[in-house]
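**Student:** Could you work out the structure for the sequence below:
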Amino acid sequence: MRMTERGERYVVYDDFLPPEVFDQAVELMERSALGETGSVISAELDGPAHRTRGMHFPASIGETGSSGRPAVFTRVTQAVRTETGLFGAAGTDWDRLTFTFWQYPANSRLGWHNDAGRGRRGEYIVYLHREWDISWGGELMLIDQEPRTLLPAAGSGPDPEETAASGSAGLVNKILRTCERSPVAVLPRPNRLVMVMSDTLHTIRRVDHTAGENRRCSLTGFAYLNRKFQPDSERNRDLARNSILNSTTP
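**Tutor:** Next comes the predicted model:
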């Protein structure tokens, strides 16, 4: 495993899994039941993807001596534990993790959004396709900037007519038009791990039709703090924070 890129809100590791663990992860994905699902951002524009049901585990699966879980889950958890600048401290800032296999076929994408609230501290992606041509698209693109600093440049948000017509998409477009930084493009290279701080504005670019039957495959999840056990004051603050998109739109 080698760190190949680091920004303010993300980090990239290549050759993340040893070959035998990568093979095990791919085989586990192939044995899993994936169902077609519509995009929660825009089902009409994004197209369908395929996913498994999410699996939830305690942070302890990454501790030395723990066993009985797929090796890829353990290794991701251990990597998350080391990135305290992105996720905070295990047990204090987050205590559980989710894991879901995702596959994006040709002509599908996931529109601009940010993942925040619900106790989430950050997300992680391990790419599990065995090959990926650069011309097939599917890049993870993100704005490597503190989300709330983006709002002043965009103004007070989209006008009511724009919001009614396009929901949060109007604000996203406004942010991207006024943001001083260009989006960072992270290629979906096989056996690459990407970790991203929560609330980061990002998108999955459309998989090109030239990918044919090849799918953009990944193991994705979130590190989060189980709100059931948070003090009321912290839980309410976390819920109020939610996302920069929801903070200015209905």
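**Student:** Output the lowest mean pLDDT helix or strand found in the protein.
**Tutor:** helix 160-166 (a mean of 40; mean pLDDT, DSSP states H and E).
**Student:** Let's see the next helix-or-strand element following that one as PDB, backbone CA atoms only.
**Tutor:** Downstream of helix 160-166, the next assigned helix or strand under DSSP states H and E is helix 168-178. Provided in PDB are the C-alpha atoms of helix 168-178 (Å, rounded to 0.1, in the frame of the first residue of the first chain):
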ATOM      1  CA  SER A 168     -30.400  21.400  -4.700                       C
ATOM      2  CA  ALA A 169     -29.100  21.100  -8.300                       C
ATOM      3  CA  GLY A 170     -29.500  24.900  -8.700                       C
ATOM      4  CA  LEU A 171     -27.300  25.600  -5.700                       C
ATOM      5  CA  VAL A 172     -24.700  23.000  -6.800                       C
ATOM      6  CA  ASN A 173     -24.500  24.600 -10.200                       C
ATOM      7  CA  LYS A 174     -24.100  28.000  -8.600                       C
ATOM      8  CA  ILE A 175     -21.300  26.800  -6.300                       C
ATOM      9  CA  LEU A 176     -19.400  25.200  -9.200                       C
ATOM     10  CA  ARG A 177     -19.700  28.300 -11.300                       C
ATOM     11  CA  THR A 178     -18.300  30.500  -8.600                       C
END
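**Student:** So which elements touch the helix or strand following helix 168-178?
**Tutor:** Remark: after helix 168-178, the chain's next helix or strand is strand 184-186, criterion DSSP H and E. Counting contacts by 3 or more CB pairs under 8 Å, 6 or more residues apart in numbering; DSSP states H and E, strand 184-186 packs against strand 10-14, strand 140-142. (C-beta placed from N, C-alpha, C; glycine too.)
**Student:** Just list what the helix or strand that the longest one is followed by packs against, helices and strands only.
**Tutor:** Elements were assigned by DSSP H and E; along the chain past strand 10-14, the next helix or strand is helix 19-31. Where contact means 3+ CB pairs under 8 Å, 6+ apart, helix 19-31 is packed against helix 71-82, strand 216-224.
**Student:** neighbours of E20, just the number please.
**Tutor:** 9 (other CB atoms under 10 Å).
**Student:** Could you list the low-confidence segments of this protein?
**Tutor:** Within the chain, the segments meeting pLDDT under 70 span 64-67, 152-169, 227-250.
**Student:** cutoff 80 now
**Tutor:** Flagging of the chain using pLDDT under 80 yields the residue ranges 62-68, 151-173, 227-250.
**Student:** mind listing what's buried in stretch 139-153?
**Tutor:** 139-140, 142-145, 147, 150-151 (16 or more other CB atoms under 10 Å).
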